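[1] Sequence first, predicted coordinates after that:
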Amino acid sequence: MALEAWLVKVKKTISNSLDSVRATAPKAAKSNSKIKKSNVGVLAFEIAGLMTKLLHLWKSLSDKNITRLRNESTSLEGVRKIVSNDEEFLLGLACAEMVENLRLVSKSVSRLSKKCEDSNLRSFDRLLDEFSNTGRDLHFWVLSWKEMESKNSKMDRYITITATLHREMDELLVLENGLRKSLATSTINKEQKIIDLREKIVWQKQQVKYLKEKSLWNRSFDTATSLLGKSIFTILARIKLVFGIGHHGYPQISLSRTLSLSVSAAVYPSQEHSNSPSCNYVSGPLIKGSNNNSDDHHDDDHGSFFELNSKLMKPPSSTLGAAALSLHYANLIIVIEKMIRSPQLVGVDARDDLYSMLPDSIRSSLRARLKGVGFSASDPFLAGEWRDALQKILEWLSPLAHNMIKWQSERSFEQQNLLPKTNVLQLQTLYFANQEKTEAAITELLVGLNYIWRFEREMNAKALYECTNFNGFLNFQHKNSNKLG
């Protein structure tokens, strides 16, 4: 009987334990689901780079920068001479480039969104296509100006803290490598050095841990993607508003310079101008086109909004971009510019190097221009005229060459995650420049450089000859005076 009583007691104990496990299982499962929610971790640095690009895009769409685009960027003399003097075309290029930049960022965000728990965020790419093509914003991701500025401040803080985290992690790596070297070598006061390094590493690890908590590192994919996604929706809405883009995907732009406030502009009033009654430009379409024929030009075009804008970025066959010569010609122009500034310092080897940079088309036109030209270049008046003419050409051609270098360098692999330092657009470079017109200008620079280079050499030779003769005369006089003495 004692054994039976003991068995009943054990059975009750086991039964109570199982009931307790069943009761606590759901809570434990919920707790584990929270723990399993993944953070972005090392992808924080890539996400910070994406946020940087979005902030730069948003700033480039401010009233101030859009006014500068219309009044300055598309009015550059070089742009008008060798790219296009059609304002509608130039503004279309500016719009298409902004849309293309946004598309490239959205591709990265789409990849990140696949790791989100929120089903809406996982469908980011589909929702963005739908919004870009139809304007339908099912989840109200387009923010007001005030909300967007608040999000920008938040992203700016994340960018700063994440950049600091990157530096501190690098410093931790340096300290740990230093400790390993110290442990592997035998030096004087080795023990004290190791103690100091270990103390620094402990402190540095605490610093890194703190920054991970505050930065993007410990944010979830949902949090990061939501910030990025809403910013992309809002920037796209701003682009469409500023450039007056209809559902066909092209800017509705005419050559009129009239700026007016549209109904949509009430959603995106600029903080810097909305309270200023004297300002004529208030976040409306850049140049409002006629509604009667806005879709007539592209009735036969098919494709998504991003595809149609990408087509606009394809350079025509007559341009340097199509010939893959834009960067090469930019470097060539800059070399010529330096030589024109100091022709007296240009040696024969430098001239040969310059000539080797010339493509066959420019060499041919240069030979034709120099045919029949005399070998003498001793006319100072003609040299002065050439200097003036070259300076005038460089005044409009050189900015496009330097812009080409800036634009290209900011898109190099090493600079991809850094903040762009300029607001240079592709239309302000040699990318869309007419090849024939550009080559004609370069040929003219080379002809002029040839003359002033030879003029400088002849003047130097003449001065040297006169100096030699004068020294010879002085020596002759000195010898005669010694004989007479």
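    Received the coordinates, thanks. Numbers count the residues shown, from 1 in each chain.
[2] can I assume residue 120 is in contact with residue 127?
    Yes: the pair residue 120 / residue 127 is scored as a contact, 7.2 Å apart, by CB atoms under 8 Å. From N, CA and C alone the C-beta is placed, and that goes for glycine too.
[3] out of the two, which sits in the more crowded spot?
    Neighbour count, other CB atoms under 10 Å: between residue 120 and residue 127, residue 127 has more, with 20 against 15.
[4] Which phi and psi values does residue 319 adopt?
    phi -100, psi 160 (degrees, to the nearest 10).
[5] What residues are bridge-paired with it?
    residue 434 (DSSP bridges).
[6] Can you give me the neighbour number for it?
    The burial count for residue 319: 21, using other CB under 10 Å.
[7] give me the low-pLDDT residue ranges for the stretch 351-485 of the chain?
    Scanning the stretch 351-485 of the chain for pLDDT under 70 picks out 372-378, 413-422, 460-485.
[8] If we use 90, what do you get?
    351-353, 367-384, 409-424, 450-485 (pLDDT under 90).
[9] and if you look at the stretch 201-350 of the chain?
    For the stretch 201-350 of the chain, residues meeting the criterion pLDDT under 90 lie at 244-304, 307-312, 341-350.
[10] Pull up the overlap in contacts between residue 120 and residue 127.
    Shared contacts of residue 120 and residue 127, defined by CB atoms under 8 Å, 6 or more residues apart in numbering, are found at residue 139.
[11] Okay, now stretch 370-387: how far is its last residue from its first?
    17 Å (CA to CA, to the nearest Å).
[12] go on, stretch 77-93?
    Using CA to CA, first and last residues of stretch 77-93 are 17 Å apart.
[13] Show the residue spans covered by the helices in the stretch 301-450 of the chain.
    Using DSSP state H, counting those that start in this stretch, the helices of the stretch 301-450 of the chain run over 305-312, 326-341, 348-357, 360-370, 380-410, 435-484.
[14] Now do the same contact list for the residue nearest to residue 334 when sequence neighbours are not counted.
    Here the nearest residue to residue 334 in space, its sequence neighbours aside, is residue 401; by CB to CB, 6 or more residues apart in numbering that works out to 5.5 Å. In this structure, residue 401 makes contact with 329, 330, 331, 333, 334, 337, 430, judged by CB under 8 Å, 6+ apart.
[15] Find the pair from these with maximum spatial separation.
    Spanning the widest gap among the contacts of residue 401 are 337 and 430, at 13.7 Å by CB to CB.
[16] Break the chain down into its domains, please.
    Listed domain ranges for the chain are 43-294+301-312, 326-473 (source: automatic domain parsing).
[17] follow-up on the earlier one: looking at residue 337 and residue 430 now, which is surrounded by more residues?
    residue 430 (29 against 18).
[18] From residue 219, how far out is that one?
    Distance, residue 430 to residue 219, by CB to CB, to the nearest Å: 42 Å.
[19] Over to residue 44?
    Going from residue 44 to residue 219 by CB to CB gives 8 Å.
[20] closest one to residue 152 among the helices of the stretch 301-450 of the chain?
    helix 380-410 (20.6 Å).
[21] Quick one: work out the angle between the closest one and helix 326-341.
    For helix 380-410 against helix 326-341, the angle by axes from the mean of the first three to the mean of the last three CA atoms, to 10 degrees is 140 degrees.
[22] Go through helix 380-410 and flag the buried ones.
    Neighbour-count burial for helix 380-410 flags 383, 386-387, 390, 393-394, 396-408 (criterion: 16 or more other CB atoms under 10 Å).
[23] now the helices of the stretch 301-450 of the chain in JSON lines, with distance to residue 176?
    Shown next, in JSON lines, are the helices of the stretch 301-450 of the chain (distance: least, CB to CB, whole Å):
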{"stretch": "helix 305-312", "distance to residue 176": "45"}
{"stretch": "helix 326-341", "distance to residue 176": "41"}
{"stretch": "helix 348-357", "distance to residue 176": "48"}
{"stretch": "helix 360-370", "distance to residue 176": "56"}
{"stretch": "helix 380-410", "distance to residue 176": "34"}
{"stretch": "helix 435-484", "distance to residue 176": "54"}
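[24] How many residues are close by residue 183?
    Residue 183: 11 neighbours (other CB under 10 Å).
[25] Next up, the contacts around it.
    Neighbours of residue 183 in contact, by CB under 8 Å, 6+ apart: residue 194.
[26] Likewise for residue 132?
    By CB under 8 Å, 6+ apart, residue 132 lies in contact with 236, 249, 304, 305, 306.
[27] and it, that's in a helix?
    Yes: under DSSP: H, G, I helix; E, B strand; the rest coil, residue 132 sits within a helix.
[28] out of the helices of the stretch 301-450 of the chain, which comes closest to residue 147?
    Comparing the helices of the stretch 301-450 of the chain by CB to CB, helix 305-312 comes nearest, at 23.5 Å.
[29] in that closest one, what counts as buried?
    By neighbour count on 16+ other CB under 10 Å, the buried set for helix 305-312 is 305, 306, 308, 309, 312.
[30] distance of the third one from residue 40?
    Look at residue 308 and residue 40: by CB to CB, they are 33 Å apart.
[31] where does residue 348 sit relative to residue 449, distance-wise?
    According to CB to CB, residue 348 and residue 449 sit 14 Å apart.
[32] So those two - more neighbours on which side?
    Applying other CB under 10 Å to residue 348 and residue 449 shows that residue 449 carries more neighbours, namely 20 against 8.
[33] for the more buried one, what are its contacts?
    Neighbours of residue 449 in contact, by CB under 8 Å, 6+ apart: 336, 339, 340, 343, 390.
[34] Let's see that with 7 Å instead.
    Shown in contact with residue 449 (CB atoms under 7 Å, 6 or more residues apart in numbering): 336, 339, 340, 343.
[35] returning to that earlier point: including distance to residue 226, could the buried residues of helix 305-312 go into TSV?
    Converted to TSV, those look like this (distance: CB to CB, whole Å):
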residue	distance to residue 226
305	22
306	21
308	28
309	25
312	31
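[36] Reformat the contacts of residue 449 as JSON lines; add distance to residue 174.
    Formatted as JSON lines, the contacts of residue 449 follow (distance: CB to CB, whole Å):
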{"residue": "336", "distance to residue 174": "45"}
{"residue": "339", "distance to residue 174": "45"}
{"residue": "340", "distance to residue 174": "47"}
{"residue": "343", "distance to residue 174": "49"}
